[in-house]
Each structure stands twice: as C-alpha cells, then as structure tokens.
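Chemist: Quick one, structure for this:
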Amino acid sequence: MKYNYLIIGLALQVGAIAMAYVSNRILYAIAWLFILVVCFPVFFVSPFYLMRTGLPLVIRLILSFWILAFPIYWSALLIYDWNRVPTEVFLIPDGYRGLVTVILDQPDGVPVEHEGKKFIFRVGADGKLKTQMRQPTFSNTECVDALFNQREYYWINASGAKVKLNYPTPLDGDALAPDQVIITQVPGPAETQNLNAIHLLIGTISDFRKYLDGLK
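Modeler: All right, here's what the predicted structure looks like:
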C-alpha cells in the first residue's frame, strides 16, 4: 500500500474542512466564495491520491467520496418531506364566528379523516375539535410553510354545501372591508398553551382586535 498517497489524500480533506470552518468564522457573508473557490477544489483533489493507495476498491471509494453522502442524504430527506406535506381542510359549522380550537394528538379524539390525499378537520358547533391526528414534522421550514399555505377553510351546512372562508395575507389587510368575515390563525388562550393545538378566529378585523386585546 502506498502510504504517502493515503496521507496526502486525507490531509487534503482535513485541510479543506479546516479552512472552510475557519473561513466561515472570520469571513461571514463572503465565506461561501472562499469555500467555493479554495476549499472545494482542495477537497476534490484528494480522490486523485486516495484512489492510488492500493487499498481495496470499496475502501478507496468510501475514503474518496464519503462527503457525497451528505447532499445525497439531505436531497433524499427533502424529497421525502415534500411528499409528506398534506392538505388540511377545516370544515366549520355554517355561520360560526369566534375562536376555533383544534387539539391534535389526542388518544381520545376522533379518528383521522381522509378525503383522497387531504386530512379533514370537522369542527363541532362549539368551535372545538379533539383529534387523533398528529401533524408531521419536517426538516426544513419550506415544508412547514407549504403545510400552512395549503390549508383550506370552509363553512359547511347540514346538507354538506360549503362556502370557502377567506384567509388573507398580511398584504391584504388594508384592502379588507370593516364588515368582511375572514379566518386567520391566532395565539391560543392560556389554558391551551401546553397543548398541541391550532387556533383560528373567524370574524371581522374588529373581532380580531378585540380577541388579541383580550389576551393581553
């Protein structure tokens, strides 16, 4: 076995990682440029030496390309996460206004209801629901944002007819009429702070202000 090739190859990898760490600590915003221009080339020269060590092929491949396991792992995890982002549908009794509380992960709650690939939350006449549903956790905030943005909210009457409720974005705030009924997520009351729960409020802008003032 050619030990000099092994030592040089490993030294290049260690040196590249050390330089990347130091540059990230002292260069801050431009560290990525140093890593791209210097550290990456230094690291990827190492297989030239490691593949000539005379070690078994499997070991040489692992020593040379182990770093590729990280992007492969994170790419696979990202794909897995995106495929698990559900669409949550909230069905609320027709005309209901006020606080909606959906308490998740309750053993004595109602079983999870599916409609195709959608999860259905049927809220009771009192605006409350306890469900066995356990929301998935994700490794990145983009999937969390997608879960939030894909939600659908409806009033539903006894015959099953649905009316979609408007969930405004922050940019819509100034354009809302004073009497327009909307739905949005709000902080929960103190008694539910320790529960895994979703809190929504249905009402006008004035109703939201009163609710938030009541939490102070």
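Chemist: As CSV, could you dump the C-alpha coordinates of the worst-scoring helix or strand of the chain on mean pLDDT?
Modeler: When the helices and strands of the chain are scored by mean pLDDT, DSSP states H and E, helix 205-215 comes last with a mean of 86. The C-alpha trace of helix 205-215 is given here as CSV (Å, rounded to 0.1, in the frame of the first residue of the first chain):
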residue,chain,number,x,y,z
ILE,A,205,-61.0,42.9,11.7
SER,A,206,-62.7,44.4,14.7
ASP,A,207,-63.3,41.0,16.1
PHE,A,208,-59.6,40.1,15.7
ARG,A,209,-58.5,43.3,17.5
LYS,A,210,-60.9,42.6,20.4
TYR,A,211,-59.7,39.0,20.7
LEU,A,212,-56.0,40.0,20.7
ASP,A,213,-56.7,42.7,23.2
GLY,A,214,-58.3,40.2,25.5
LEU,A,215,-55.1,38.1,25.5
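Chemist: Show residues contacting that helix.
Modeler: 97, 99, 173, 176, 178, 180, 182, 184, 186-187, 189, 201, 203 (C-beta atoms under 8 Å, 6 or more residues apart in numbering). All C-beta atoms are positioned from the backbone trio N, CA, C, and that covers glycine.
Chemist: which of those are buried?
Modeler: 99, 182, 184, 186, 201, 203 (16 or more other C-beta atoms under 10 Å).
Chemist: what pLDDT, on average, does whichever strand or helix holds the third one get?
Modeler: Using DSSP states H and E, Thr184 sits in strand 182-185. Per-residue pLDDT values over strand 182-185 give a mean of 90.
Chemist: In strands only, show me the contacts of helix 205-215.
Modeler: 99, 182, 184, 201, 203 (DSSP state E).
Chemist: Show me the two of those residues that sit farthest apart.
Modeler: Leu99 and Ile182 (13.9 Å; C-beta to C-beta).
Chemist: can the buried ones among the contacts of helix 205-215 go into TSV with extra columns for distance to Asn166?
Modeler: Formatted as TSV, these follow (distance: C-beta to C-beta, whole Å):
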residue	distance to Asn166
Leu99	17
Ile182	5
Thr184	9
Val186	15
Leu201	13
Gly203	12
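Chemist: Pull the most distant pair out of those residues.
Modeler: Longest span within the buried ones among the contacts of helix 205-215, C-beta to C-beta: Leu99 and Ile182, 13.9 Å.
Chemist: mind checking the SS state of Ser139?
Modeler: coil (DSSP: H, G, I helix; E, B strand; the rest coil).
Chemist: For it, the count of nearby residues, please.
Modeler: Neighbour count for Ser139, taken as other C-beta atoms under 10 Å: 12.
Chemist: do the same with Val163
Modeler: Val163: 12 neighbours (other C-beta under 10 Å).
Chemist: And Phe208, by the same measure?
Modeler: 15.
Chemist: list the contacts for the residue nearest the centre of the chain?
Modeler: The centroid of the chain falls nearest to Val144 when counting by C-alpha atoms, centre = their mean (2.7 Å). Listed by C-beta under 8 Å, 6+ apart, the contact set of Val144 reads Phe138.
Chemist: Against Lys118, how distant is it?
Modeler: Per C-beta to C-beta, to the nearest Å, Val144 is found 18 Å from Lys118.
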